[in-house]
Each structure stands twice: as structure tokens, then as C-alpha cells.
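> give me the fold of what follows.
(5 chains, ligands or ions: 5)
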Amino acid sequence: MPTFFTHTLAIFQKDLKTEWRTKERLSAMTFFAFLVILIFNFAFEPGSPIMQSAAPGIFWIATTFAGLMGLGRAFAIEKQNDCLLGLRLTPADPGAIFLGKMLGNMVAMLLLEALILPILVIFLDVEVFAVLPRLCVPIFLGTLGFAAVGTLFAAMSMNTRLQEALLPILTLPVLVPALLAAVESFRGILEGDTLSDIFPWLKLGGAFAGLFGAACLLLFEFVLED
Amino acid sequence: MPTFFTHTLAIFQKDLKTEWRTKERLSAMTFFAFLVILIFNFAFEPGSPIMQSAAPGIFWIATTFAGLMGLGRAFAIEKQNDCLLGLRLTPADPGAIFLGKMLGNMVAMLLLEALILPILVIFLDVEVFAVLPRLCVPIFLGTLGFAAVGTLFAAMSMNTRLQEALLPILTLPVLVPALLAAVESFRGILEGDTLSDIFPWLKLGGAFAGLFGAACLLLFEFVLED
Amino acid sequence: MNAIELSNVTRRFGHLTALRGVTLSIPEGQTFTLFGPNGAGKSTLLRIIATLGKPTSGTVHIRNIDVRESPEQVRTHIGLISHHTLLYDDLTARENLTFYAKMYGLKNKSESVDEALLTVGLADRHKDRVRGFSRGMKQRLAIARATLHQPEILLLDEPFTGLDTAARSLLSDMIFNLRAKGRTILLVTHDLAQGLTLSNHFGILKRGELVHESPTENITETELRTIYERHVGNLTQG
Amino acid sequence: MNAIELSNVTRRFGHLTALRGVTLSIPEGQTFTLFGPNGAGKSTLLRIIATLGKPTSGTVHIRNIDVRESPEQVRTHIGLISHHTLLYDDLTARENLTFYAKMYGLKNKSESVDEALLTVGLADRHKDRVRGFSRGMKQRLAIARATLHQPEILLLDEPFTGLDTAARSLLSDMIFNLRAKGRTILLVTHDLAQGLTLSNHFGILKRGELVHESPTENITETELRTIYERHVGNLTQG
Amino acid sequence: MRRPYIPAFVFGILALIGLAIAPYMALMYAGMEKDMGFAQKIFYYHVPSAFMMYIGFALCAIFSALYLYKKDKKYDIWALCSAEVGLLFCTLVLLTGPIWAKPIWGTWWVWDAQLTLTLMLWLIFVAYMMLHSYSEDSLQSAKFRAVLGIIGFLDMPLIHYATKLWRTHHPEVVRGEEFGLPLDMKIAFYFCVLTFLMLFLAILFKRVSVEKAHDELESIKSEIRDRKAILGQLGSD
Ligand code: HEM
Ligand SMILES: Nc1ncnc2c1ncn2[C@@H]1O[C@H](COP(=O)(O)OP(=O)(O)OP(=O)(O)O)[C@@H](O)[C@H]1O
Ligand SMILES: Nc1ncnc2c1ncn2[C@@H]1O[C@H](COP(=O)(O)OP(=O)(O)OP(=O)(O)O)[C@@H](O)[C@H]1O
Ligand SMILES: [Mg+2]
Ligand SMILES: [Mg+2]
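Ligands and ions are numbered 1, 2, ... in the order given. Purely as a prediction, here's the structure:
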């Protein structure tokens, strides 16, 4: 009898393999995030201290938008030949399916973040590398919260008439506390705060990730069945 | 023998009717644009003069992203039951198909812009209404250029594996001059410039719209055939 | 005059050759059935005749008009039923047909649409959105769409797919009617018996080559099956 | 023991009632064909049996297990061929099957996969991505996917759609084989003759009601057609 | 099926009486606030609206959970209607707030915790409504909405905490350490809260009864369609 985690792992590996084969999702996400950063440069005075102070916001906006695009694609793959139905035909628990897809999205997001941090350094002239270890904590929490909520809503929006277009509309308002926590922690760390200085924000990010991780895991079942 | 413009009009009317029936595209676009504006507020110091000076940029980023979403949907409709093939089966000129779809997208964009200008006034505290007549010129030019390039690329990206996800990646880099012209004209007008003060920017916007309007009209044929 | 005339048509997709020098003449009024295994190139051939795809080499003439030169003119003569319905889900049955009537530049739009709806038995559902239609109803409307402009040439790519018995006999009757009216019909199907009944000429496509062509007169289903298996073998194409 | 037992199953989609109190028992080893016009509710019924949809009311037992109570347990016994292939386009044939083997928790994964590929005649194409497969090849792989875990119960929803003659006979042979092995098969098709040949029991669904059910023994195709038309009439369902 | 009409009627009458008296209570009976002057009067509408908004969204979450648990259409109707009425009052808060803000703070909007929370709730429940109208399958849409209703409700304290950490601007009178209002204002305020509660319940029950009637009508319609089709078929035999 395959266990919960065998299923999770199988789905996760399949997504990795698909991505490895085509490399389309991660490269499209990175390119898109890069474009968002550039677009910001046009909208504001580039190189000015304003831009620097805005770096945390730009980082998270770019990752969020690119992440939403990646989520949409991740579920478009499952929708293509009704594959999600195929998953539901197997004895896998809905929670295992959720976790497998969520893990795939999280890994994609983390890789994306690793790729665009250097871009931030180059284009916005912010010193990130010195505080990198500290920075990882809020980034991880924010990504976890995003992946949980995003995976749930991506599965939902694929079954509506608007398809992927509904995904940001559902996700962004709910995501506000997580984004705020992530941006403010980032800002604090850039300004030299220690992890304990920004503890309230970390607490918020952790609470969001924990609460919604659990809630989405439980609610995913209702999204899958028809 | 139906003429070029009969076809254009028929396609345009069909899109209007679909939109009128479901109202999904425009409302999703507006909602999304609104979200983009809000997200900006979280990323930056809200209410500060920085935000005000960034208003033109925010306006155009919001419209561009929402517009890309709308374009994606407009062609997703044509893709659904292979309807675009149905259009190509009729004796309509590819140019007429392009123009019909482009007009529909332009009207959606202009409506969207009319809806989010008041939001800008309320949330960013910029005084737009006094300079509204002048403002219409660069907005119209920018929208025209966007709709032309966007329509061409939307038709292209629907035929790739990435589908809508490819659309921003193709469109945004090409759109840079048009966006720059639109943002700078907007900024100038807000600062009290007359149309002749910002003439270089208007010239750029007009040149982009004219050049790419014509180019896309001609190139659309090659996007349609397989 | 030949309704459809292909000469030496080749179509490549990258390294894959879907059609290899197909030469075929279908005179006006003929009902031609094209058989062939999966992936033989049947749909590709139909798309080329419908001006939707251009051949890599070779020429196509529809009613003596070169497709490459004036595709617009050719399109008014052609109706196609493809694997998809080519219908807008959010428009009603009537709106869909009216739109296509406009695109084909029909003179008396509303009468044509009324008549088409009546023929396929959807007159009482004309105000309903296509989204809510069952698969059979959608296929009926697709038939109405394809025949709305009274095309001289009808291309049918597996048109019976998913239809129930009632809708099947409706479509067969329609094909016989059009045949009686002297229209040219090119049908693709995997059902040998049905193809035999409906047509007066048939061909077999295999790996992009037309390996057999003859009238259906005096051929029984068993003979057809023998011919088909001799050419295609009992294996599907890789 | 009954393989499938539905009692008074009703399924509503909003205001549309797709199934109205269907009661049906299929004993183990039976091959049951379900006929019915478009939109009668056949696919809905199959989805409910496959645990993909829940009935609005009524109960479903698969091999005496209540589906509502332990769907996971039921799923290991069931294989489904639906209108779609349920395959990942960007994985190879082997990777697709291996993934499903993992999901079903098969012990000897690679042997099962090898065997399944051999059975459907795709052994030499196992390293190719599904995206490049022709429609028939995809359907073959879908058959392999559905039978990979050797399910006791096989649900086939119009499995012959789009298949060429070779693939059709392959699938028929497969059904006969499984029938001989004592597997339970529930088949949906619009082709009365084929349904009759393949099965030893049949039913007719009309507007969500099971209006007829009887063994196929001693019934000729003409008789079946008469029975079908008496129940369904010559009209498709609105 | 007739039952929901009665509470709707009773609460409606009470709400009408309350609304007739409320302006007197707010404008005449309650004293003038010394700093804000006349603008403060909007308090008697603004704050009760906010309370009703919370009640609406909370009810939506409760009925959503019940729906997911029991799968009874009744709960879906209640959840949908609670969300609608909650959204209505949320919109009222978003309208009365800026009207108040302009004279007091000199601007229509500030990025304050309370305001941001309200706006986000508005957005979440507008998305909820969009989910309602964009779904292809009403059954699936009900489940999706229920999921969003629960998520939105769970998000409320987080958004509140987040925006509060972020920056705050908005007064706290009712929730403050002590309820620092003069007695006349308190009485007027409580009166308005009660009136709004009646109004809330009246609209909710009315909405539910209309939705149920609509639902019934649709099933009758489809029943008629079915019968007609069967008759038509008998005729053709
Ligand atoms: C501009 C938009 C505004 C919005 C969206 C808004 C929103 C809200 C909300 C949601 C509440 C309920 C608070 C709770 O109990 O949790 C509330 C209460 C209240 N609001 Fe506003 N408000 C706005 C503007 C204002 C302004 C300008 C004032 C006055 C200066 C004001 C004064 C109050 C007061 C006194 C309460 C009572 C809450 C308490 O004391 O705890 N509001 N508002
Ligand atoms: N757009 C395309 N790009 C690449 N290859 C294609 C394309 N269209 C068709 N092919 C290939 O061309 C060959 C012929 O395809 P076609 O669809 O014409 O087959 P068919 O005879 O219609 O088969 P079926 O009976 O399954 O419908 C196939 O091998 C297919 O993979
Ligand atoms: N997800 C759904 N949402 C709404 N209605 C549905 C849904 N699925 C099926 N239906 C409706 O239920 C009825 C039965 O559909 P079903 O797909 O079971 O028919 P079928 O017998 O399989 O028809 P076909 O022969 O065309 O495959 C149809 O009227 C259909 O419109
Ligand atoms: Mg084909
Ligand atoms: Mg079906």
C-alpha cells in the first residue's frame, strides 16, 4: 500500500522531470520577473535612492507575478488531457496531491528567487549578499505561504470560465498579510535589523504559512471533487 | 461580396456581444488593475510624494498588465473550439480579422483606463481631472500601440506550448518605447506641461502606434497560417 | 470541371513528412471517402484543401482556381466539419450562425439562418447558448455552420464522432441530400461500411501516400476490407 | 458478489438532473454495454462508479465496498478509459506508465510497465514523448494506463473513438481477453453492433433513467436496434 | 418554502421604524462632538455598518463550513446571501469612511490598518462574487465559494494584525480600553446598531427567500422542459 508521502513524492518527481525536460516554466518565470523589475525602472527614476528603498517591494512583486504565472502553468499541465482526473483515479489522498503540486511550485519559486536576487543587486544597487543568511528566513516563509494559497486557488481557477486569469484575482487579496510580512522583513534586514528586531513580522509570516498551509491541505479535497 | 470593413465590424460586434453577455473580461481586467495599484502601495511608502510622482508609471503598469490579461482571454475565446480556424475558413482578409480583434481590445483597454483613472485620484491623490483633455492624447496613442502589438503577439502565443504565459514575455520588451512615451507624457502633463512641451514624447508614441499598427496588420497573415 | 485537383502535394512538419506527393482529382458531384490509419495525413490533406495549410510543394486547384493565388475566392466554395465545432460557447445558436452568415457575406441572412436551424432540428433551441448544448447538439450546429453558405464542396473529417444513432442518421440523410443536389463531398472516416454506403468513390491514404483509388460501385464491404488490409496491413502507423 | 452495485443513484448538476434513480447490479465477470443518446448521462454514470463524482443521492458499492466510505480502496480495483487520454504530453510513454505505476503502488513497476507497453504494441516507442504520438497511439497508451494495475473492473467510455481499424481490433481482442480472464467490464458506445458483439449484457439509458436491461444472448443486431428505437425514439435528447 | 418571508417581514418593519427614528437619535438626541463637529454624525452609520459587515462575513464562513460538511444546498444559499449582505455593508463602510475622512483628515484615503483591512475584505468578497458568476458548474462553484469564504474569514485577523503592525491612523473608541462616549451618544449609537441589525436581518432573510424561490423556479422550469421533451417524443412515435 503506497503511503501518503510516496504519492507526494511521485507527483513532485513527475513535475520536476517535466520541468527538466522542457525548462519552459522556470525560464519563462525568470524572464517575466526580470521584465517586471525593468518595467519598474521605467516607471520610477532609476538608480535613485527611492528605487533602493523600494527594492524589497520590487523583489516581492516580481516574484509574486512570476509565481502566479508559474502556478497557472503548473495546473494547465494537469488540465491538458484531463490529467488531474487521472490523478484522482489513483488511490492517492487529495492531501498528497496538494502537497506534491505545492512542493513543485515552492521549488520553482525558490529557484526563481535565487535567480533574481543577483538581478536586484545589479540593477538596484542593493547589498543583499552580506545579509543573505538572515534574509532566507522571511523569504522561505513568504514562499511557503504563497505556494500553499496559490496551489489551492490555481486548482480552483482552472475549473472556471476565466481559467488562469482568475488566479491573481483570487490570490492577491488573500496574500496581503504574507506579502506585507515578507516585504517589511526584507526592508528591515536591509536596514540592518536582526531577526529578533523583525520578530513580529516573522511571526506573521510564520502564522500565515502555518495557518493557510494547514487550511489549504484540508480544503483541497473539496476543490478536487465535483 | 463583403468588404474588408464588414468583416472587421462583424468580428468586433461579436466580441462586444460576448463581453456584454458575460462581462467577465472587463471586470477581471479592472479588478486586476486595481490590485496592481494596491500592491504598489504596499511595496512603497504610500501617500508619500514618491507615490504621487510615480502615478503615471503605476497607471501604465496597471493598464499594461491588465491589458495583457485581457488580450490573453480575447484569444483564449478564439482558441476554445478552434474558432480562429473557423474565422480563417471564411473569405475574410487576415487584416480584417486583425483589425476586428484589435478594435475589441482597444475598446476594452480604453474602458479600463477610464475606470482606473478615478482610482488613481482617490488612492494616490493625484489631480487628473483638470488636465484630462490633454491627457487623452498620449493615453490614446499608448493604447493604440499596445493593442496593435499585443493582438499580434496574443495570436502567436496561443499557438505555443506556453500559451498565454508567453504573451508578456513577447510583448513587454517590444513595448518599451511606447510605454516610455506614455509614462513621460503623462508625467509631463501632470506637472503642467502643454501638449507642445511634450511633443517629442507624443511623436514617439505616435510613431510607435503608426509603425507597429501597420506592421502588425501586414504580419498578422503569417501568424494565422500554419 | 474538377471540384478538387491536387497535384503532387507534399507537406512536411519539420522532419516529419505528413503528405508525399499526393495527386488526386475529384470531379464535381462526386462523393469521395478517404480511408487510412491514424496519422496517415488525412486531416492534413483536408486542411490543405480548405486553404488552412499550405503545401510544402505541389499545387491545389479548387474549381480551377489556384488556392495559392486567391484563397479568399476559394473559401466561399468550401464548407468544413473538423474535429472541433468552431463555435463560440458564449453566443447562442442563432448568434453563431448569424456571425458566420455575415462573414460569408450572405444576402438574406436571417432566412438562411432560420433554414439551417430547421434542417438540423435546433429551431426551438435557437436562443440558448451553445455552452449548455450536449455534444450531439453541438455537432448538429457545427453541421449547420458548415453548410450555411451552401458550399459546392463539403469537407467532412470524421463527422460522426460522438454522435448518437439519431444524429448519425440525420447526418447520413443530409449527405445523401447534398449528393443528390450535385455537391462535391470529401469524407474522412474510419468506418469502412459507412464510408462505402455514403460515397461513390474512395481512396486510401497511407503514410502520406495515396495508395489506392477506385469507385465504390460493385465493391462489397468484405472486398473493401480486403483492399484496405492489403494496403495498410493490420498495423497502425508509427 | 456483485462487482458494481448502484441503488437508486441520482445526480443533479444544478437544476439539470443527469441521473434519476438508477439501480443496476453488474455481477463479477459480466461485460455490460450501456447504450443511450447524447446527453443521457452515460459518462456521468461512469464517473460516479469511478469515484470521480458523488451521487446527489443513492449508494454505490464496488465489490461490496461503499464508495462514499472508502473511495481510496475502491480506486485500486478500477480502470477507466475516458474521452481524454489522462496522459502527460511532455513525458515519454514509459515515464507516463511508471508514474501511474507508482501512484497505484505496484510492486514490480518496471516489469508491469514493460508488459503493458508490449501488449498495446508500443514497446519500440517507449522512449518517445507522448506529444509526438498520433491519436491512435495515444489511445493505445491510454488503454495501457487504464489496465496497468490489472483492475478487476474496467470502465470504457466510447473507447473506440478516433481509432483506426487496426487499433479497433486490438482493443476488441483485449476486451475479449479480459472477459475470458473473468474481469468485469462496463462499456459505453454508440455503435450497437459492436456493443452487442463485445458484451453479454446490455442496458439503455435515456434521460438519466435505465429504461431497459437484458442479456445479449439470442438478440440479433436488428432486434437490438428495434429495442433501442422503441425506447429512445428516433430523436436525440434536447 | 414560505417560511423565510415571515422573518423578512418582521425584521423589515422593525428596520423601517428604526430607520425612521435613527436620524433623530443621531442628529438631535446625541450631543455634538466638540472636535469633529457635525462630521462626527456619520459615526452612527459608519460603525454599525462595519459591525454588520463583520457579521455578514462571519455568517458566510460558518455556512460555508456547514455546506462543505453537509453538502446541503440550503447552506450554500445562506452563505451566498450572507456574503452579499456583508459586501453591501462593507461597501457602505467604504463610502461613509472617506466622506468622514475628507473633512477630518483632509484626504479621502490613508493607508491605515483598519482601512486596508476593510478594502481587502471587500476585494476578497468581490472575488467571491466573481467566482459565483464565472463558474461553469453551479455545484462546483458552490464548493469553490465555500472554500474562499472560509479562507477569507481566516485571513481577517492576519490582515488586521499585518496592517496594524504596518501603520495605524484610525480611531478606536468602541474597542478601546474603556468605552469613552458620553451617555447620550452611547444610547444613540446602540440604537443605530440595533436598527442596522434589524436591517441586516431583513435584507438577509429577504435575499434568502428570493434565492430559494429562484432556485425552485429553475427546478420547475427544468421539470417542464423535461416533460415537454417527453411529450414531444411521444407525439413523434
Ligand atoms: C476612509 C475609510 C474608512 C474605513 C474603510 C473605515 C473602516 C472602519 C471599520 C471597518 C470599522 C470597524 C472597526 C472594528 O470594530 O473593528 C470602523 C470603526 C470606526 N471608524 Fe472608521 N473607517 C474609515 C474612516 C473613518 C474616519 C475618517 C473616522 C473618523 C475620524 C472613522 C471613525 C471610526 C470610529 C470612531 C469607529 C469605531 C471603532 C472603534 O472605536 O473601535 N472611520 N471604521
Ligand atoms: N501541426 C502539426 N505539427 C507537427 N506534426 C503534425 C501537425 N499536424 C499533423 N502532424 C503530423 O502529421 C501526421 C499526419 O497527421 P494527421 O492529423 O493528418 O493524421 P490523420 O490521418 O488525420 O490521423 P487521425 O486518423 O488520427 O485523425 C501525423 O504524424 C502527425 O503527427
Ligand atoms: N459537469 C457538468 N456540469 C453541468 N452539466 C453536466 C456536467 N456533466 C454533464 N452534464 C450534463 O449532464 C447530462 C449528461 O451528460 P453525460 O456527459 O453524462 O452524457 P453522455 O450520456 O455521456 O453523452 P455523450 O453520448 O454525448 O457522451 C448532459 O445534459 C450534460 O449537459
Ligand atoms: Mg484526423
Ligand atoms: Mg459521454
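> how many neighbours does the nearest residue to A:V174 once chain neighbours are set aside have?
Counting by C-beta to C-beta, 6 or more residues apart in numbering or on different chains, A:V174 lies nearest to E:D155, which is 5.2 Å off, once chain neighbours are set aside. C-beta coordinates here come from the backbone N, C-alpha and C atoms, glycine included. For E:D155, the number of neighbouring residues by other C-beta atoms under 10 Å in any protein chain shown comes to 26.
> got the confidence number for E:D155?
You'll see E:D155 listed with a pLDDT of 91.
> and if you look at C:G238?
Per-residue pLDDT puts C:G238 at 38.
> please enumerate the helices of chain C.
C:42-49, C:71-75, C:93-103, C:109-119, C:135-147, C:165-180, C:192-198, C:221-232 (DSSP state H).
> nearest to B:L35, out of the ones you listed?
helix C:93-103 (32.7 Å; C-beta to C-beta).
> and for residue 158, the neighbour number?
Defaulting to chain A. 21.
> chain E was what I was after
Neighbour count of E:L158, defined by other C-beta under 10 Å: 23.
> run through the residues that contact it.
A:177, A:204, A:207-208, A:211 (C-beta atoms under 8 Å, 6 or more residues apart in numbering or on different chains).
> could you do A:M109 as well?
Contacts of A:M109 (C-beta under 8 Å, 6+ apart): A:63, A:67, A:70, A:143, A:146-147.
> picking up where we left off before, anything in the helix or strand containing the residue nearest to A:V174 near ligand 3?
In the assignment (DSSP states H and E), E:D155 maps to helix E:138-166. No: Helix E:138-166 is not in contact with ligand 3 by C-beta under 6 Å from any ligand atom; minimum separation 7.3 Å.
> next SSE after that helix?
Defined by DSSP H and E, the subsequent element after helix E:138-166 is helix E:183-236.
> tilt between that following helix and helix D:221-232?
Helix E:183-236 and helix D:221-232 are oriented at 140 degrees to each other (axes from the mean of the first three to the mean of the last three C-alpha atoms, to 10 degrees).
> give the rounded mean pLDDT of helix E:183-236.
Average pLDDT, helix E:183-236: 82.
> check which helices and strands that helix sits against.
strand D:16-27, helix E:5-23, helix E:43-70, helix E:73-105 (3 or more C-beta pairs under 8 Å, 6 or more residues apart in numbering or on different chains; DSSP states H and E).
> and the contacts of the first one?
Meaning strand D:16-27. Outside strand D:16-27, the residues that reach it (C-beta under 8 Å, 6+ apart) are D:1-12, D:32, D:41, D:44-45, D:48, D:55, D:58, D:184, D:186, D:201, D:203, D:205, D:207-210, D:213, E:222, E:226.
> for ligand 2, what's its nearest residue on chain A.
A:N81 (15.2 Å; C-beta to the nearest ligand atom).
> what about that residue, how many neighbours?
By other C-beta under 10 Å, the residues close to A:N81 number 20.
> contact partners for it?
With C-beta under 8 Å, 6+ apart, A:N81 has these contacts: D:84-89.
> now, which of these sits nearest B:A10?
Taking C-beta to C-beta as the measure, B:A10 sits nearest to D:H84 out of the contacts of A:N81, at 33.5 Å.
> can you get me a residue count around the nearest residue to that closest one once chain neighbours are set aside?
In this structure, D:H84 finds its nearest non-sequential neighbour in A:D82, 3.7 Å apart by C-beta to C-beta, 6+ apart. A:D82 is flanked by 16 other residues according to other C-beta under 10 Å.
> how about A:D82, what does it touch?
Per C-beta under 8 Å, 6+ apart, neighbours of A:D82: D:82-86.
> let me see the contact set for E:Y161.
E:Y161 neighbours (C-beta under 8 Å, 6+ apart): A:177, A:204.
> who's in contact with the closest residue to ligand 1 within chain E?
Residue nearest to ligand 1 within chain E: E:G97 (2.2 Å; C-beta to the nearest ligand atom). Contacts for E:G97 (C-beta under 8 Å, 6+ apart) come out as E:46, E:115, E:118.
> which of those residues has the weakest pLDDT?
Lowest confidence among these: E:L115, with 84.
> wait, is A:R134 part of a helix?
Yes: under DSSP: H, G, I helix; E, B strand; the rest coil, A:R134 sits within a helix.
> hang on, it packs against A:S196?
No: A:R134 is not in contact with A:S196 according to C-beta atoms under 8 Å; the separation is 10.6 Å.
> what about these two, which has more around it?
Neighbour totals were compared for A:R134 and A:S196, and A:R134 leads with 16 against 7 (other C-beta under 10 Å).
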